[in-house]
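Engineer: Task: produce atomic coordinates for the following.
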Amino acid sequence: MPHIWIEYSANLDLDTHQLMRVVQDAAVGDGSLYPLAGARTRALRIDDYLIVDGHPDNAFVHVLLRIGHGRSAAQQAALGERVFQALDQALAAEMARRPLGISLQIEQADPVLNYKRNNYRQYLADRAAAAQQAAVPRSVVGVALNTRQALAALGDAMNAPPYLAPPKAPVLYIKPANTYAADGDMIVLPADVPEVTIGACLGIVFSRRATRVSEAEALDHVAGYRVVADLSAPHASYFRPALKQQCRDGFCPIGRDLAPAATVPDPDALAIEVRVDGELVQRASTADLIRPVARLIADVTAFMSFEAGDILLAGAPFDPPRARAGQRYDIRIAQVGTLGNAFAASA
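Structural biologist: Coordinates of the predicted model:
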């Protein structure tokens with residue numbers, strides 16, 4: 001497993017997380033050098049950056065890649081060329097606009113004694129368990145028009161009043177506590193709601209406080225995922241907040257099972273199926289999201305905070321199926337779980 005150390009001058013405003021990913025991906029490559037495909041990374045900002053002629057505009061980025069013994073000279077050369085090329089490309093824009101020095105140093109390290117212990121797995125398990133216990137979230141936030149099909153279906157209407165342009169930020173709404181229901185509960189439809197739309201949503205469950213989270217760090221704040229049904233009385237316009245349609249009692253059933261984030265490597269490629277009375281009525285995928293999970297988290301936490309156990313809905317697939325009293329729906333999201341409820345008419 002390589003160790004990556006990045007030093008850079010304090011007059012640079014670098015996205016070190018992104019730079020680390022670039023170096024790590026290049027170092028790991030196809031796995032021929034490091035089958036475990038992992039790396040430890042650190043970044044250090046250096047305050048003394050008067051280099052070359054002592055002018056403060058000069059800047060530098062230095063990467064130290066420490067590897068173990070056992071690689072041939074050809075492997076080492078291939079590693080160096082691959083990593084430096086990736087580093088050079090990643091910093092090309094910065095070098096085009098200012099004096100910048102880029103350097104890469106590769107060292108071999110073969111410790112005589114090596115003792116290791118960590119609690120990473122236990123920490124992740126405890127974090128997931130805490131979110132699992134928070135069966136009743138403090139808040140559930142939904143997002144509308146977050147699939148390419150939904151936005152495309154509006155067509156030119158997006159450029160007409162009252163919208164005048166496509167949304168530039170997430171279109172959000174709240175599912176308050178009175179809407180929460182559990183898997184298997186009977187959902188009673190009010191007398192003025194003869195049928196409901198079934199929005200099959202990926203529920204993003206937070207593991208800790210998330211506020212002003214970057215896209216690169218977004219998934220680090222996720223404990224796992226639940227299946228959530230965003231139920232709503234059919235309505236045609238987002239001009240007025242659809243509280244009357246979306247916030248009826250029981251209109252937000254939440255799956256009991258939490259799929260830990262570690263078991264869902266790509267939340268942006270999950271198959272979704274919806275059945276009504278056992279018949280398959282919808283197939284969709286989280287790959288259709290306009291704002292993928294990490295970007296959605298970053299965009300929403302830019303102006304509001306989530307606490308552990310809170311849920312952000314990634315967005316319902318376009319053209320959700322409908323059901324009425326006497327019917328039952330079932331949702332399945334691959335790698336996450338299932339959720340199902342039956343509907344009854346109001347007495």
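
Engineer: thinking Gly337 is in contact with Arg226, fair?
Structural biologist: Yes. Here Gly337 reaches Arg226: they are 7.1 Å apart, a contact under C-beta atoms under 8 Å. In short, each C-beta sits where N, CA and C put it, glycine included.

Engineer: Which is the succeeding secondary structure element to the host helix or strand of Leu87?
Structural biologist: For Leu87, the enclosing helix or strand under DSSP states H and E is helix 73-90. With elements assigned by DSSP H and E, the helix or strand that comes after helix 73-90 is helix 92-97.

Engineer: what ranges do the strands span in the stretch 151-300 of the chain?
Structural biologist: Per DSSP state E, counting those that start in this stretch, the stretch 151-300 of the chain carries strands over the ranges 171-175, 180-182, 186-189, 195-206, 222-232, 252-254, 259-260, 271-276, 279-285.

Engineer: which helices and strands sit right next to the fifth one?
Structural biologist: Packed against strand 222-232 by the contact rule (3 or more C-beta pairs under 8 Å, 6 or more residues apart in numbering; DSSP states H and E) you find helix 120-133, strand 195-206, helix 243-246, strand 252-254, strand 259-260, strand 311-313, strand 328-333, strand 337-345.

Engineer: Redo these as TSV? Include mean neighbour count and distance to Asn58.
Structural biologist: Formatted as TSV, those follow (neighbours: other C-beta atoms under 10 Å; distance: least, C-beta to C-beta, whole Å):
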stretch	mean neighbour count	distance to Asn58
helix 120-133	14	39
strand 195-206	25	42
helix 243-246	16	56
strand 252-254	25	55
strand 259-260	22	46
strand 311-313	27	43
strand 328-333	22	52
strand 337-345	18	54
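
Engineer: Below-threshold pLDDT in the stretch 101-250 of the chain: ranges please.
Structural biologist: 110-116, 120-121, 124-125, 127-135, 155, 157-160, 162-163, 165, 237-241 (pLDDT under 70).

Engineer: The nearest residue to Ala153 once chain neighbours are set aside: neighbouring residues, count only.
Structural biologist: Distances taken as C-beta to C-beta, 6 or more residues apart in numbering place Phe318 nearest to Ala153, at 6.5 Å, with adjacent residues excluded. Phe318 is flanked by 17 other residues according to other C-beta atoms under 10 Å.

Engineer: ok, now Ala90?
Structural biologist: 19.

Engineer: Please verify my assumption that it contacts Met20.
Structural biologist: No. Ala90 is beyond contact range of Met20, at 10.4 Å (criterion: C-beta under 8 Å).

Engineer: Format the helices and strands packed on strand 222-232 as JSON lines; extra columns: distance to Asp266.
Structural biologist: What follows is the helices and strands packed on strand 222-232, written out as JSON lines (distance: least, C-beta to C-beta, whole Å):
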{"stretch": "helix 120-133", "distance to Asp266": "17"}
{"stretch": "strand 195-206", "distance to Asp266": "12"}
{"stretch": "helix 243-246", "distance to Asp266": "29"}
{"stretch": "strand 252-254", "distance to Asp266": "22"}
{"stretch": "strand 259-260", "distance to Asp266": "13"}
{"stretch": "strand 311-313", "distance to Asp266": "17"}
{"stretch": "strand 328-333", "distance to Asp266": "13"}
{"stretch": "strand 337-345", "distance to Asp266": "16"}
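
Engineer: Chain neighbours aside, what residue packs nearest to Ala271?
Structural biologist: The nearest residue in space to Ala271 (C-beta to C-beta, 6+ apart) is Ala334, at 4.3 Å.

Engineer: about what we covered before: hey, what's in contact with both of Gly337 and Arg226?
Structural biologist: Residues touching both Gly337 and Arg226 (C-beta atoms under 8 Å, 6 or more residues apart in numbering) are 255, 257, 259.

Engineer: List just the one of the helices and strands packed on strand 222-232 that sits closest to Ala109.
Structural biologist: helix 120-133 (21.7 Å; C-beta to C-beta).

Engineer: how much space between Val276 and Leu231?
Structural biologist: 13 Å (C-beta to C-beta, to the nearest Å).

Engineer: Give me the common contacts of the two.
Structural biologist: Common neighbours of Val276 and Leu231, using C-beta under 8 Å, 6+ apart, are Ile198.

Engineer: Spit out the contact partners of the residue nearest to Ala153.
Structural biologist: Residues in contact with Phe318 (C-beta under 8 Å, 6+ apart) are 147, 149-150, 153, 284, 288.

Engineer: What is the burial count for the residue nearest to Ala271?
Structural biologist: Per other C-beta under 10 Å, the neighbour tally for Ala334 reads 14.

Engineer: Equivalent analysis for Val61, please.
Structural biologist: By other C-beta under 10 Å, the residues close to Val61 number 22.

Engineer: I'd say it and Leu91 touch.
Structural biologist: Yes. The pair Val61 / Leu91 is scored as a contact, 6.2 Å apart, by C-beta under 8 Å.
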